[in-house]
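**Student:** when you get a sec, could you give me coordinates for this:
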Amino acid sequence: MLRSDDDPSSDEFVDQMIPTDSISMKNSLSKMAATPLAWLHKLHGLVENLIVYIEELSEEHEKSGEKLKLYQGEDISLMLERWRKLQRDFKHHKTGEFDVSKIPDIYDSIKYDAQHNVARLKSPIMDELYETSKIVADIVIPQEYGIEEHEKLNISHGYCVPLLRKVLADLRANIDNPEEQLTKLDPSFVSDVLSPGRKRISMKS
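**Tutor:** Model prediction:
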């Protein structure tokens, strides 16, 4: 539906797109001042414009010999590749079709840069890209794991049941084998792990 030229303000479109009758999602849809497909083209164009701006900025700093310092030491070449990848993934270069699952990634990326790199980039494109991506992201993100309520329940069941079974197995292992030796992560690998303090029970087969 987001790749269509349908009227997003029509009752039929709204009912099909938002069967849960979410007020916040309806408000976001009402801000889409174009067909969904046209809105995706607009979003893609803004991403392209930002990439061109970053390329020009990179060239300017390279000529001047001045190194542009981005948030947490990110190199401008890495930022450029981050946005180029989003551009490539968002619109298929052969078919021209949009992958709407990449919209949250675009929104997260521009939100990150708007919060941390706006003073360094000073690009007027960023505000428009943020607003444009937010409108469609507010429709896509709540429906990433199902559109109708029964779909959301089925998908959450598929994720939660294996997780709870694993938690239960770990608890039983602790109860049944209180003397079992705990194994810890090799300290040499800690720097690349998000939860280095986590411990694992060595379970017997």
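**Student:** where do the strands of this protein begin and end?
**Tutor:** Counting by DSSP state E, the chain has strands at residues 182-183, 200-201.
**Student:** and the ones you listed, which one is worst for confidence?
**Tutor:** Here the strands of the chain differ in mean pLDDT, and the lowest is strand 200-201 at a mean of 50.
**Student:** domain ranges for the chain, per the record?
**Tutor:** 11-143, 149-201 (automatic domain parsing).
**Student:** mean neighbour count added to these, as TSV?
**Tutor:** Just so you know, the C-beta spots here come from the backbone N, C-alpha and C atoms, and that holds for glycine as well. Compiled in TSV, the domains of the chain are given as follows (neighbours: other Cβ atoms under 10 Å):
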stretch	mean neighbour count
domain 11-143	16
domain 149-201	10
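**Student:** need those in TSV (columns: distance to M1).
**Tutor:** Below are these laid out as TSV (distance: least, Cβ to Cβ, whole Å):
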stretch	distance to M1
domain 11-143	5
domain 149-201	15
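**Student:** figure out which of those is closest to R3.
**Tutor:** domain 11-143 (5.7 Å; Cβ to Cβ).
**Student:** now A38: closest residue in space that isn't a chain neighbour?
**Tutor:** Closest residue to A38 apart from its sequence neighbours, by Cβ to Cβ, 6 or more residues apart in numbering: D5 at 7.4 Å.
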